[in-house]
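Sequence and predicted structure are below.
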Amino acid sequence: MSETANAALEFRNIDILFDRSGRRGAIEAALARLDAGETREEIGRALKVTVGVAGASLAVARGEISVLMGLSGSGKSTLLRAANRLNRPVRGEVRIGNGSAWLDIARCDADTLRELRKTRIAMVFQQFGLLPWRSVRDNVGFGLELRGLAPSIRREIVEEKLALVGLSNWADAQVHELSGGMQQRVGLARAFATDADILLMDEPFSALDPLIRRKLQDELMDLQKRLKKTILFVSHDIDEALKIGSRITIMREGRIIQTGTPNDIALRPVNDYVAEFIRHMNPLPTILASTVMRRFRDLPLRPDGMLDGGTIAIAPNTMTAHVAGQDMPLKASKDWQHGSLCVVSAQMSLGEIIALRQRSGFPVLVEEDGQLIGLCDDADILQALSGERRSGP
Ligand SMILES: Nc1ncnc2c1ncn2[C@@H]1O[C@H](COP(=O)(O)OP(=O)(O)OP(=O)(O)O)[C@@H](O)[C@H]1O
């Protein structure tokens, strides 16, 4: 299946320009300069037109969390806001699946747009966007009220969404009585209450302190496993992006520089700009066992026919290993007990591998499709942490 066939939302060659000159024809003139290869800065200086986004194409797959990453001013929010036409592209399409057809949000009529915003696309803002004089319950039900749903139906939906975000006991509180983290949960519950299949999240956690922020990231990922929404998420924090994103898009000066899975971005940055972002990341949740490990096929053979892994020798055929002076069975489980070897999936994160290595006291073995394929020992872990990673199969 092509990438776009499974897309719930798709940006195609989007240009978003802001005219500060007030002159007729300024946007057209800016587009002509853009096509001629002028930079955002040159166009801004010559015409007083800001290039918010240029030539951006991105397919957001159904059920994924797609993160837009970049420095301040790189165009993340501007692109996100094109998804519900808070910003209208001057060129390009914003396609949303509508039954078996596609709808262009950039060009649809006002009634269709209103309907899309009410039922299909919900937004969660950094500053929560709550109504402080209303109760938690009334904030969550606000969108439903606008849609004219009867109070009894509203109440039922609101209770359900409050339970989802763990705020059932706070339904009657005023939002100003809640902490920042709780207020953002109200924002989430409000977005879920609309039943929208697409959520736009503009730095929703960046106003929160780091602990609460991490907790809400975890909660969002848990909720997402159950709800399977299509989420477009803006962040300027590489660790957040790598943690929650199924795919990450790096933007610079209005343009998309690279889109890929966290592992792709971390291991195969397309240029120095992306590599610079990666240099500042925390690799623990992102780097996978398949990247950290030494592959069995690269290990030397000992005279007794076992694979020589340094502190451990392995006989994959008989599923045994010789380590710390004893023969031990290899068991395919990530459950650890001190003194037993662990076999983990190739998809396990470096953070988890380190924990297992510490707890078991032995190198961690890696399997894929039921076959043992490699091992991670201290030297492999240190190498991964130092940024020198083995890549490719
Ligand atoms: N409504 C607007 N009118 C004029 N210029 C705008 C408008 N919205 C965005 N811009 C400009 O477009 C560019 C991209 O801004 P945008 O807010 O999308 O960046 P960002 O990557 O989201 O940054 P941040 O992380 O600081 O929010 C900036 O130069 C900004 O000044």
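That came through fine.

State the distance from the nearest residue to Met221 once chain neighbours are set aside to Ala163.
Nearest-residue entry for Met221: Ile244, 5.8 Å, with adjacent residues in sequence omitted and distances by CB to CB, 6 or more residues apart in numbering. The way it works is simple: take the backbone N, C-alpha and C, and place the C-beta from them, glycine included. Counting by CB to CB, to the nearest Å, the separation of Ile244 from Ala163 is 22 Å.

higher neighbour count, those two?
Ile244 (22 against 12; other CB atoms under 10 Å).

for that one, what are its contacts?
When contacts are counted by CB atoms under 8 Å, 6 or more residues apart in numbering, Ile244 is found next to Ile65, Val67, Gln217, Leu220, Met221, Phe233.

Now with 10 Å, please.
Going by CB atoms under 10 Å, 6 or more residues apart in numbering, Ile244 touches 65, 67, 201, 205, 217-218, 220-221, 224, 231, 233, 235, 262, 285.

Out of those, name the ones that lie in helices.
Taking DSSP state H, the ones among the contacts of Ile244 that sit in helices are Gln217, Asp218, Leu220, Met221, Gln224, Pro262.

Which neighbouring elements make contact with the strand or helix carrying Gly187?
Using DSSP states H and E, the element containing Gly187 is helix 180-193. Helix 180-193 makes packing contacts with strand 121-124, helix 136-140, helix 142-146, helix 151-164, strand 198-202, helix 210-227 when contacts are defined by 3 or more CB pairs under 10 Å, 6 or more residues apart in numbering; DSSP states H and E.

send the alpha carbons of the third one over as PDB?
Extracted as PDB, the C-alpha positions of helix 142-146 are listed here (Å, rounded to 0.1, in the frame of the first residue of the first chain):
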ATOM      1  CA  PHE A 142     -18.500  22.800  25.400                       C
ATOM      2  CA  GLY A 143     -18.100  21.400  21.900                       C
ATOM      3  CA  LEU A 144     -21.100  19.200  22.400                       C
ATOM      4  CA  GLU A 145     -23.200  22.100  23.600                       C
ATOM      5  CA  LEU A 146     -22.200  24.000  20.400                       C
END
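
Could I get the buried residue list for it?
Phe142, Gly143, Leu144 (16 or more other CB atoms under 10 Å).

Those residues into TSV, with extra columns for pLDDT and distance to the ligand?
What follows is the buried residues of helix 142-146, written out as TSV (pLDDT from 0 to 100; distance: CB to the nearest ligand atom, whole Å):
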residue	pLDDT	distance to the ligand
Phe142	85	24
Gly143	81	24
Leu144	84	29
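
out of those residues, which one sits closest to Val53?
Nearest to Val53 among these is Gly143, at 27.0 Å by CB to CB.

Can you verify my assumption that that closest one contacts Arg190?
Yes: under the criterion of CB atoms under 10 Å, Gly143 makes contact with Arg190 at 6.4 Å.

Contact residues of the stretch 1-150 of the chain facing the ligand?
Those residues of the stretch 1-150 of the chain that sit near the ligand, judged by CB under 6 Å from any ligand atom, are Phe18, Thr50, Gly52, Gly70, Ser72, Gly73, Ser74, Gly75, Lys76, Ser77, Thr78.

Quick one: residues contacting the closest residue to the last one other than its chain neighbours.
What that stands for is Thr78. Among residues not flanking Thr78 along the chain, Gly52 sits closest, at 3.8 Å (CB to CB, 6+ apart). Counting by CB under 10 Å, 6+ apart, Gly52 touches 14-18, 40, 73-75, 77-79, 81-82, 87, 89-90, 254.
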